[in-house]
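>>> here you go, sequence then predicted model.
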Amino acid sequence: MPENTWIRSKTPWIRGLILILFSLNLVKCMSTENSSPGLRAVPVTRIPPDLIDGFPSTITPTPFQPLPATRQVTPIPTATPQPVVVQITPAASPLNFYGIDLSKTGKRIRIKIIPKNRRVNAGKPLIISFLPGEKCDYGDQHACVSAYQPDPENNVIFVTTHSGVGGEAEEFRYAVEGMGLNRSGFPLERVRANLRSLSGADVIISQAGVEIKGLQLVVAGRVPAAGINHYFSMPIEQALETAASMDPTLVEFVHPAQMELVFETCGWKMPAEPWAPGVTSTTGSVYLGVIQKKP
């Protein structure tokens, strides 16, 4: 048989062998790529569902809202010593704070904090201004609001705000920690002193022509960098108790003797505090303020 004729007769067999070898090599390459230690599955960003009755929380990668944002409120049986989540109903709204209705999404709320002396913000009032809403993304001027009962007789309203440029609680954060380049402008000891100075400040809350006086910022506390990850892993009804485990000034307000409003907002990383789980270049602490009616 002529040489070229023999090759043509064998061509289908050769092509088949080549195809099998190519297929095996392809499978090997795919297997190697999928098992490569340098490749990981893309992490899924957790977007918490509604906090309570239409007040969800969203995640923002900024210092303007706690990262990874407000925790989910989950019902806890009344038989346990844990706080009980209150469901909002038309008959009884736990989002009403002495006449300020935090369930009205279109009615702006202004919290005016008046320092006791000139040590903080030269004695000038600090304003936290926000709209309660279904979302609280940075830049939309909304705060996420929820409520729970640490005890059957008392109610805690929890407000999560942004603290970046133009954020709802920017004035508060700036007065407490100053402004540096992606970090606090004041040293840690001064920040702690500022929080102590703000404790006891008079507070006035207003909304749509209603102004409530006779209120007080009973304490201003802080979750340090080392506690960020643990703090945000807890549901909202355990947030204050978790923060109190790291800042003793908050302990007596975990189970208050009266209704209280708590606001939280993020702060920059402090140069004196090392990196820790949950800390980012823009989120290194959480500030909490507890507001109650004066005795």
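Nice, thanks for sending it over.
>>> how is the chain carved up into domains?
1-40, 84-293 (automatic domain parsing).
>>> can you put those in a markdown table and add mean pLDDT?
Below are the domains of the chain laid out as a markdown table (pLDDT from 0 to 100):
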| stretch | mean pLDDT |
| --- | --- |
| domain 1-40 | 38 |
| domain 84-293 | 91 |
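>>> want to throw those into CSV with mean neighbour count?
Any C-beta I mention is one placed from the backbone N, CA and C, and that applies to glycine too. Supplementary listing: the domains of the chain in CSV, determined by neighbours: other C-beta atoms under 10 Å:
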stretch, mean neighbour count
domain 1-40, 9
domain 84-293, 19
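>>> ok, which stretches of the stretch 51-200 of the chain are helices?
Using DSSP state H, counting those that start in this stretch, the helices of the stretch 51-200 of the chain run over 170-177, 188-198.
>>> can you tell me what sits against the last one?
The contact list for helix 188-198 (C-beta atoms under 8 Å, 6 or more residues apart in numbering) reads 113, 115-117, 119-120, 175-177, 184, 186, 217, 220-222, 249, 267, 270-273, 287, 289.
>>> so where's the longest strand in this protein?
Secondary structure of the chain per DSSP state E: the longest strand is strand 210-223.
>>> that one: what's the following helix or strand?
Toward the C-terminus, strand 210-223 is succeeded by helix 228-232 as the next helix or strand (DSSP states H and E).
>>> what is that next one packed up against?
Applying 3 or more C-beta pairs under 8 Å, 6 or more residues apart in numbering; DSSP states H and E, one finds that helix 228-232 contacts helix 239-244, strand 285-293.
>>> closest one to Gly167 among these?
Between Gly167 and those, the tightest spacing by C-beta to C-beta is seen for strand 285-293, at 12.4 Å.
>>> can I get that closest one as CSV, trimmed to CA atoms?
Once non-C-alpha atoms are left out, strand 285-293 reads as follows in CSV (Å, rounded to 0.1, in the frame of the first residue of the first chain):
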residue,chain,number,x,y,z
SER,A,285,-14.5,51.8,66.9
VAL,A,286,-18.2,52.4,67.8
TYR,A,287,-19.6,55.2,69.9
LEU,A,288,-22.8,54.8,71.8
GLY,A,289,-24.9,57.4,73.5
VAL,A,290,-27.7,56.7,75.9
ILE,A,291,-30.5,59.3,76.3
GLN,A,292,-33.0,59.2,79.1
LYS,A,293,-35.4,61.5,80.8
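>>> between that strand and helix 170-177, how big is the angle?
Angle of strand 285-293 versus helix 170-177, following axes from the mean of the first three to the mean of the last three C-alpha atoms, to 10 degrees, is 110 degrees.
>>> and strand 285-293, what does it pack against?
helix 170-177, strand 210-223, helix 228-232, helix 239-244, strand 260-267.
>>> turn these into CSV, columns for distance to Val254.
Shown next, in CSV, are the helices and strands packed on strand 285-293 (distance: least, C-beta to C-beta, whole Å):
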stretch, distance to Val254
helix 170-177, 22
strand 210-223, 11
helix 228-232, 14
helix 239-244, 5
strand 260-267, 10
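>>> do you know which of the helices of the stretch 51-200 of the chain lies nearest Arg108?
Short answer: helix 170-177, nearest of those by C-beta to C-beta, at 15.1 Å.
>>> re earlier: I'd like the helices and strands packed on helix 228-232 as a markdown table, with distance to Gly200 appended.
As requested, those are arranged in a markdown table below (distance: least, C-beta to C-beta, whole Å):
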| stretch | distance to Gly200 |
| --- | --- |
| helix 239-244 | 18 |
| strand 285-293 | 11 |
